[in-house]
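K.L.:
just need the structure, nothing else, for what follows:
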Amino acid sequence: MGIMLINAQGLVFVGRRANKALREHVAEGHEWQMPQGGIDEGEESFPAALRELAEETNVTSVERLAEARDWFAYDLPDDIAQEAWKGRYVGQTQKWFALRFTGDDSEINILSPAGGHKAEFDAWKWVPMQDLPAMIIPFKRPVYERVVEEFSHLSKQP
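P.N.:
Residues are numbered from 1 along each chain as shown. Prediction:
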């Protein structure tokens, strides 16, 4: 599941992957992504999105704007699938949510996120929504294009 966090100026949060050795997440020049993660057994997708957002960014000051109508899927390239996730998975299917960030930027703490979770990002910034597909690893780009299309009406200032 993935989270598009949108600030009051209509810009979107992206984090730069801290572990650049994991090829399923980054490629040279494409280290940026929106928060995303898994859904625990018995967990609903929206509470999972809120949990993942807090675990990766420390952000809890949000309001729900939208949920993507569909689940979006991507496949890992064959060479990466053999080494990623111990070869158990060949891709991922994600439900995406758009959330309005209602807090102050000082709330964002990617280096020491909530609950003592390991930092997944080593830098962050706000970017225009239309820039997102070019920032993500190429094999995930079609998902980001669909997410931008789904939520493009939300990039305007509230």
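
K.L.:
low-confidence stretches in this protein?
P.N.:
Filtered on pLDDT under 70, the chain yields the residue ranges 20-28, 77-91, 157-158.

K.L.:
would you map the strands across this structure?
P.N.:
Secondary structure of the chain (DSSP state E): strands located at 2-6, 12-17, 32-33, 62-75, 91-101, 121-127.

K.L.:
relative orientation of the lengthiest helix in the chain and strand 121-127 in degrees?
P.N.:
Longest helix in the chain, counting residues (DSSP state H): helix 45-57. Helix 45-57 runs at 110 degrees relative to strand 121-127, counting by axes from the mean of the first three to the mean of the last three CA atoms, to 10 degrees.

K.L.:
list the buried residues for helix 45-57?
P.N.:
In terms of neighbour count (16 or more other CB atoms under 10 Å), helix 45-57 has its buried residues at Ala48, Ala49, Leu50, Arg51, Glu52, Leu53, Ala54, Glu55, Glu56, Thr57. Bear in mind the C-beta positions are built from the backbone N, C-alpha and C, glycine included.

K.L.:
ditto for stretch 132-145
P.N.:
Neighbour counts over stretch 132-145 (16+ other CB under 10 Å) mark Leu132, Pro133, Met135, Ile136, Ile137, Phe139, Lys140, Arg141, Val143, Tyr144 as buried.
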